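Undergrad: structure, please.
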Amino acid sequence: MQNGATIEYDYSIAKAFTFATILFGIIGMTVGVILAFQLAFPGLNNLAGEYGTFSRLRPLHTNGVAFGFTLSGIFATWYYVGQRVLKVSLKESPFLMGIAKLHFVLYFVTILLAVVTLISGITTSKEYAELEWPLDLLVVVWWVLWGISIFGLIGIRRERTLYISLWYYIACFVAVAMLYLFNNMEVPTMLFAGDAPSSWIHSISMYAGTNDALVQWWYGHNAVAFVFTTPIIAMIYYFLPKESGQNVYSYKLSILAFWGLMFVYLWAGGHHLIYSTVPDWMQTMGSVMSVVLILPSWGSAINMLLTMKGEWGQLQSSPLIKFMVMASTFYMLSTIEGPIQAIKSVNAIAHFTDWIPGHVHDGVLGWVVFMVMAALFHMAPRMYKREIYSKSLMETQFWLQTTAIVLYFTSMWIAGITQGMMWRAYDEYGSLLYSFIDTVTVLQPYYTIRAVGGLLYLIGFFMFAYNMYKTATCGRVLDKEPTNASPMGA
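TA: Presented below is the predicted three-dimensional model:
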């Protein structure tokens, strides 16, 4: 390509992963709403036999949202952002284009197989690591393919400086590779079963007891760090300045926050094991690191919000800016809740209660999903060369989903605190005041509110999917790519 020539970026892979993001988002969130109503109305567990029970659907929900929706969004944005910040097109390398296509195909097949196996009850029973060994091997293959894509594009780039977003994508790739390999070490039982009955797909973990717990929550908490945090920060550091026309408030702060997150997050998983058989010093370290984690987390969030300094008027005119600013706000909220519940005295009341779903979901729904949707909305006019179909629909979606999140986490906060206090209530003789079923009965109204909030959020996601579909198929054709804000329809 001659110097000064316009680069024709290839968005075919980004479009494919955009489709996967929407599809797996619908599946994962629909299952989540079903689960919420099952908790409020237990009779709903019996509607589809063994395939409709909470135990079958719960891992389908967590994996569908975490590794179906979120990873698809991460990959979609990478294949868009990576080309643009490195000033190179996938078209220029048939090898990297082939790697990207293979990445998508193997990924999509893996997630479909995950849906089938999980709903069939084929699972390792390790939270967030339920996939059995054949699927784990597939995951390793396409994760390596993504790494080849990342470093391959970096290797042929025209832009010498690596923008901060790339640092966060690389961190996601490297850390998840390490976490996944160590936590998912397992042995297929057929190799040692002898004459005993054994399934070819079944396996057992190489860890046991306390060691298993330590490795599991080192992995589990850092799955939050390097799937739900670092690549989402990568997105907002690219898309917020692009959409608002503002420079990142402080590039130096973005670098400091990056290295702070890299060091501190890896040590915080122990706060999931407080009051367990894990050595006390590990529990204390997990608590301390969780509190320290406030600094780099809020450093990133404040940097995002200050990027809008002097341009807050855009909140009135741009629904996309609303999504991104609200995402940053929920990021701040969720990263103060985590350290609070890591304090041992608070943990004793909150950690094993319904307060935790409230904490998890205001982060996932408010931070992760809002930012992924905002990123795809920004990408759509540039990928499809069409105007966003409906600004008013986007505005309605924003307020509906924001209301839904508030209903969700406030009901779970109240439920969790009520639950924790009832479990710890004693009479003058030292006997428990309430039985376990007493707490279940008291919490039913809050479960119902949570389910309604989830349903409203799901409706909002269908509005997002419809708006994206109409944008891609019948939005007004654009003569040229927009420079900053995405063009909006009525």
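Undergrad: who's in contact with the helix or strand that residue 363 is a member of?
TA: Element membership of residue 363, judged by DSSP states H and E, is helix 355-363. With contacts defined as CB atoms under 8 Å, 6 or more residues apart in numbering, helix 355-363 is touched by 224, 228, 330-331, 333-335, 337-338, 341, 350, 405, 408-413, 415-417, 419-420, 450. For the C-beta atoms, the positions are set from N, CA and C on the backbone; glycine is no exception.
Undergrad: after the helix or strand containing residue 105, next one along is what?
TA: Counting by DSSP H and E, the element that carries residue 105 is helix 94-119. Using DSSP H and E, the next helix or strand after helix 94-119 towards the C-terminus is helix 133-155.
Undergrad: mind listing what's buried in that next one?
TA: Residues of helix 133-155 classed as buried: 133, 135-136, 138-139, 142-143, 145-150, 152-153 (neighbour count, 16 or more other CB atoms under 10 Å).
Undergrad: likewise stretch 10-23?
TA: 10-11, 13-23.
Undergrad: among those residues, which one lies nearest to residue 109?
TA: residue 20 (11.2 Å; CB to CB).
Undergrad: can you tell me which residues contact the closest one?
TA: For residue 20, the contacting residues are 68, 72, 75-76, 104, 107-108, 111, by CB under 8 Å, 6+ apart.
Undergrad: and it, which of the three is it?
TA: Three-state call for residue 20 (DSSP: H, G, I helix; E, B strand; the rest coil): helix.
Undergrad: centre-most residue in this structure?
TA: Centroid check for the chain by CA atoms, centre = their mean gives residue 228 as the closest residue, at 3.8 Å.
Undergrad: grab the nearest non-local neighbour of that residue.
TA: residue 368 (5.2 Å; CB to CB, 6 or more residues apart in numbering).
Undergrad: now swap in residue 147 and tell me
TA: residue 173 (5.2 Å).
Undergrad: do you know the pLDDT at that neighbour?
TA: On pLDDT, residue 173 comes in at 98.
Undergrad: that one: which element?
TA: Under the criterion of DSSP H and E, residue 173 resides in helix 164-183.
Undergrad: buried residues of that helix, list them for me.
TA: Buried residues in helix 164-183, counted by 16+ other CB under 10 Å: 164-173, 175-177, 179-180, 183.
Undergrad: which of the residues you listed lies closest to residue 214?
TA: Residue 214 lies nearest to residue 183 out of these, by CB to CB, at 10.3 Å.
Undergrad: which residues does the closest one contact?
TA: 126, 129, 215-216, 218-219.
Undergrad: redo that, cut-off 7 Å
TA: 129, 215-216, 219 (CB atoms under 7 Å, 6 or more residues apart in numbering).
Undergrad: let's have these in a markdown table, adding neighbour count, distance to residue 121 and secondary structure.
TA: A markdown table is the format used below for these (neighbours: other CB atoms under 10 Å; distance: CB to CB, whole Å; DSSP: H, G, I helix; E, B strand; the rest coil):
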| residue | neighbour count | distance to residue 121 | secondary structure |
| --- | --- | --- | --- |
| 129 | 22 | 16 | coil |
| 215 | 21 | 24 | helix |
| 216 | 20 | 20 | helix |
| 219 | 22 | 22 | helix |
